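Student: sequence plus the predicted model coming up.
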Amino acid sequence: MKQKPRWTLEMLTAALAVLCALLVLVLLVQRPAIWPLLAVLVVLWGVLFVLFRCRLRSWVARWVCGGSFEKSKTQFSLEPLSQPAALLSGETVLWYNAEFRTRLMKEESLLTPRVQKVLPGLDLQESRTAGGQLLNLADGAWSVHSSTVPGEAESMTLLVLNEETALRKVEAEYKASRPGYLVFLVDGYDDVFSDMLDSERARLLEGINRVLEDMIGRGTGFLRRVASGRYIAVVEERQLEQFAKRGYDVLDKIRALDPSVNLSISIGIGRGAKTLREAQDMAVQALDMAQGRGGDQAAEMTPDGFTFYGGVSHGVEKRSKVRSRIVADQLVKLIKEADHVVIMGHRMSDLDAIGAAEGVLRICKICDVPAVIAVRRDATLAGSLINALVAAGQEDDFIDPKGALPIISQRTLCIIVDTYQLGLVESREILEKCGKVAVIDHHRKGVGFIENADLVCHEPYASSASELVTEFLQYVGDRDDKPNRIEAEGLLSGIMLDTRDFTLHTGVRTFEAAAALRRYGAETERVRQLFDVSMVEYTTKAMLVSEAQMYRGCAITVSGEVAPEARVAIAQAANDLLTIQNVEASFVAVQVGGGVNISARSLGAVNVQVIMEALGGGGHQTMAAAQLKHITPEAARSRIQTAIDQYREAQKKSGPESEPEQKKKDKQ
């Protein structure tokens, strides 16, 4: 049976307050002249009311709990707990045990304080979860657990705290001492050191060793050279954190060893792995990513994805015809093993994607394997090339992506050209349904690439996918098994598009490929006609160029929506802006629905891929793009400017770059 509450201080306080109030009323009616006495009584009544207010909550809470808490079995069971414990009514502390007063209140006794004053940051809802809430209290870490019982007046909550200071220190030390794996690779080692004198080579190698030893020697890790220009290191997580905070400044130190030599390194980092072997695998994969993005940067791989550092300089070109021949042989083998081949590029395919796809289709015809190009003809920027091929009687070369699904089986080979990103392919359904996949691309690598492909030809040093396919054609079939004139013109148009008429990102191999296509019958006059635009497209391009504004050496144009048939003018405007004096890079942002599409171009001095990646996009060093969702054009301009600021600051940090005196020739 519940006990009735005894006459305690709270009840006496309430009674006195009521008597004072009645006395004040009597004096006001009968003796209004005694104002001094009245003032004293009012003050006394106020003091008593405050006391009543402070203690009434405790009394009501005890009533709700059923009987007196003081000297009850409940109190006696909680008082001797080795953990601090407290009882709350709502957010007011009614009672706490000796451990709570000693360890959390430092022997200070407070009368019904607010719980936030005693336990700053307490969240009762979070503390009721199975894991409780972690709070930093009294120079230590405490896990707070609570249990709440609803009452008629206010809910009653029991708090129990466990100190985890030592445990958290062990946990922090465990995380900080986890091993991370690093792989260092000198970019283009053979090309850089092949023509050097022995003394010059020894000087640079000694400089590289000194820089890396100084980097790793700051902590408890170790560094080993495992091959020419290749090093491995194992360091603790705390040291990796310091490397990341400094932005892997070792990249700048290596580059500064000799500004007259195009010397740089790529770094792959495996971080956050469960085992050291897993960390090694992650580091190797990260190094491959850094190399695929042009080198001279650090790629850090964690279970959450990739993080990139550096990448503000020109990549070191490294390609060989031997590799092209090997890849061509592997591609032919995959094609001959397939029952069908489906070829596709990226969404909103351009001349490079369709030209390269048609070149791969010719390889399939040489191998006598049925093949088609999956493309949405109502959503392409290469309509002129497709129309030319259709007019030449090759309409059967193309199929809508949905129409290709019924012919696909586990023996079907899917060949992706001019993109490596899973989210950009023409049809993801085709990619997932095909039994085998091959990828041919020249864009610098980024997050979201197609994994587990049976063949990957990723050459970021090539000008275009059409250039790569042209090289493959030279190693496939007999002398007479070559593309026809229109196919050769399609491949040449792809090269001209991505090099902007052989002015950017061209090498000896680019002109060799163009010469081979000319031998196949490509006519430059006809290729030029594939770039003709309509009056609507030309007017839109002129408008976008005229509205450009300069910002830190970059031309930025922001516009509302343009006509769907004039979308090709966005990229054309970005190209034309580069012809203006003092423009190192151009950014054209156009509203599309509720978002903004950005097309970025540069002459090579600015790596627009890094800038677009900061906005969630990607691409190539001189050609990139991004799509921003749920944003206004003006807000997009602000984000572009912020990304440019970050890139410029990174450039300043890396120091001035000098071009090599003479470009290295491609390996024969």
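Tutor: Right, received. Where do you want to start? Numbering: from 1, shown residues only.

Student: what is the neighbour count of the nearest residue to Leu577 once chain neighbours are set aside?
Tutor: Nearest residue to Leu577 in three dimensions, chain neighbours excluded: Ser586, at 3.6 Å (Cβ to Cβ, 6 or more residues apart in numbering). For the C-beta atoms, the positions are set from N, CA and C on the backbone; glycine is no exception. When counting by other Cβ atoms under 10 Å, one arrives at 27 neighbours for Ser586.

Student: check contacts around Gly140.
Tutor: Glu163, Thr165 (Cβ atoms under 8 Å, 6 or more residues apart in numbering).

Student: name whatever forms a beta bridge with it.
Tutor: Counting by DSSP bridges, Gly140 forms beta bridges with Leu137.

Student: local confidence estimate at the residue nearest to Ala643 when sequence neighbours are not counted?
Tutor: Spatially, and ignoring its direct neighbours in sequence, Ala643 is nearest to Ala614 (4.2 Å; Cβ to Cβ, 6+ apart). Per-residue confidence for Ala614 comes out at a pLDDT of 88.

Student: what's Ala614 sitting at in phi/psi?
Tutor: The phi and psi values for Ala614, taken as degrees, to the nearest 10, are phi -70, psi -20.

Student: so it sits right up against Gln646, yeah?
Tutor: Yes: in terms of Cβ atoms under 8 Å, Ala614 counts as a neighbour of Gln646; the distance is 6.2 Å.

Student: neighbour count for those two, which is higher?
Tutor: Set side by side, Ala614 and Gln646 show more neighbours around Ala614, with 16 against 13, by other Cβ under 10 Å.

Student: just the strands from the stretch 501-650 of the chain, written as ranges.
Tutor: 549-551, 554-559, 585-592, 595-602, 618-619, 623-628 (DSSP state E, counting those that start in this stretch).

Student: packing partners for the second one?
Tutor: Looking back up the chat, that one is strand 554-559. Secondary-structure packing of strand 554-559 (3 or more Cβ pairs under 8 Å, 6 or more residues apart in numbering; DSSP states H and E): helix 535-546, strand 549-551, helix 568-577, strand 585-592, helix 633-654.

Student: nearest to Glu278, of these?
Tutor: With distances scored as Cβ to Cβ, the stretch of the helices and strands packed on strand 554-559 nearest to Glu278 is helix 633-654 (30.3 Å).

Student: what is the mean pLDDT for the closest one?
Tutor: Averaging pLDDT residue by residue across helix 633-654 gives 87.

Student: got the buried residues for that helix?
Tutor: For helix 633-654, burial by neighbour count (16 or more other Cβ atoms under 10 Å) applies to Pro633, Ala636, Arg637, Arg639, Ile640, Ala643, Ile644, Tyr647, Arg648, Ala650, Gln651, Ser654.

Student: what does it contact?
Tutor: Against helix 633-654 from outside (Cβ under 8 Å, 6+ apart): 247, 249, 251-252, 255, 310, 312-313, 551-552, 554, 556, 558-560, 587, 589-591, 596, 598, 606-607, 610-612, 614-615, 628, 631.

Student: export it as PDB, just CAs?
Tutor: Taking Å, rounded to 0.1, in the frame of the first residue of the first chain, the C-alpha atoms of helix 633-654 are listed here in PDB:
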ATOM      1  CA  PRO A 633      22.500  29.200 -62.100                       C
ATOM      2  CA  GLU A 634      23.900  32.000 -59.900                       C
ATOM      3  CA  ALA A 635      24.500  29.600 -57.100                       C
ATOM      4  CA  ALA A 636      26.300  27.400 -59.600                       C
ATOM      5  CA  ARG A 637      28.500  30.400 -60.500                       C
ATOM      6  CA  SER A 638      29.500  30.800 -56.900                       C
ATOM      7  CA  ARG A 639      30.400  27.100 -56.600                       C
ATOM      8  CA  ILE A 640      32.500  27.300 -59.700                       C
ATOM      9  CA  GLN A 641      34.400  30.300 -58.400                       C
ATOM     10  CA  THR A 642      35.000  28.500 -55.100                       C
ATOM     11  CA  ALA A 643      36.400  25.400 -56.900                       C
ATOM     12  CA  ILE A 644      38.600  27.700 -59.000                       C
ATOM     13  CA  ASP A 645      39.900  29.400 -55.800                       C
ATOM     14  CA  GLN A 646      40.800  26.000 -54.300                       C
ATOM     15  CA  TYR A 647      42.600  25.000 -57.400                       C
ATOM     16  CA  ARG A 648      44.600  28.200 -57.600                       C
ATOM     17  CA  GLU A 649      45.600  27.900 -54.000                       C
ATOM     18  CA  ALA A 650      46.800  24.300 -54.700                       C
ATOM     19  CA  GLN A 651      48.800  25.700 -57.600                       C
ATOM     20  CA  LYS A 652      50.500  28.300 -55.500                       C
ATOM     21  CA  LYS A 653      51.400  25.600 -52.900                       C
ATOM     22  CA  SER A 654      52.900  23.400 -55.600                       C
END
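
Student: that helix versus strand 585-592: what angle between them?
Tutor: Orientation of helix 633-654 against strand 585-592 (axes from the mean of the first three to the mean of the last three Cα atoms, to 10 degrees) gives an angle of 150 degrees.

Student: which strand residues bridge the residue nearest to Leu577?
Tutor: Residues in a beta bridge with Ser586, per DSSP bridges, are Ala555, Arg601.

Student: that one contacts Cys554, doesn't it?
Tutor: Yes: Ser586 is within contact range of Cys554, at 6.8 Å (criterion: Cβ under 8 Å).

Student: so, low pLDDT: which residues of the stretch 551-668 of the chain?
Tutor: The model of the stretch 551-668 of the chain has pLDDT under 70 over residues 653-668.

Student: repeat that for the stretch 51-200 of the chain.
Tutor: Scanning the stretch 51-200 of the chain for pLDDT under 70 picks out 51-77, 107, 109-112, 151-154.

Student: and the stretch 201-350 of the chain, by the same measure?
Tutor: 311-321.

Student: can you give me the strands in it?
Tutor: Counting by DSSP E, counting those that start in this stretch, the strands of the stretch 201-350 of the chain are 222-227, 230-236, 265-270, 297-302, 305-310, 341-344.

Student: quick one: closest of these to Ile486.
Tutor: strand 341-344 (16.6 Å).

Student: so what touches the closest one?
Tutor: 335, 357, 360-361, 364, 369-375, 401, 404, 407-408, 412-417, 425-427, 430, 434.

Student: now the buried members of those residues.
Tutor: 335, 357, 360-361, 364, 369, 371-375, 401, 404, 408, 412-417, 425-427, 430, 434.

Student: narrow those to those in helices?
Tutor: Using DSSP state H, Ile335, Ala357, Val360, Leu361, Cys364, Pro401, Ala404, Ile430 are the members of those that sit in helices.

Student: what sits against the first one?
Tutor: Yep, that's Ile335 we're talking about. Taking Cβ under 8 Å, 6+ apart as the test, what Ile335 contacts is Val341, Ile363, Cys364, Cys367, Val369, Ala371, Leu413.

Student: from those, which single one is nearest Asn97?
Tutor: So of the contacts of Ile335, ranked by how close each gets to Asn97 (Cβ to Cβ), first place is Leu413, at 73.0 Å.

Student: so what's the closest one bridging to?
Tutor: Beta-bridge partners, per DSSP bridges, of Leu413: Val341, Lys436.

Student: for Val469, see how far away it is.
Tutor: Distance, Leu413 to Val469, by Cβ to Cβ, to the nearest Å: 15 Å.

Student: Ala625 pairs with what?
Tutor: According to DSSP bridges, beta-bridge pairing links Ala625 with Ser599, Gly618.

Student: how close does it get to Val568?
Tutor: Distance from Ala625 to Val568, by Cβ to Cβ: 13 Å.

Student: thank you kindly, that will do.
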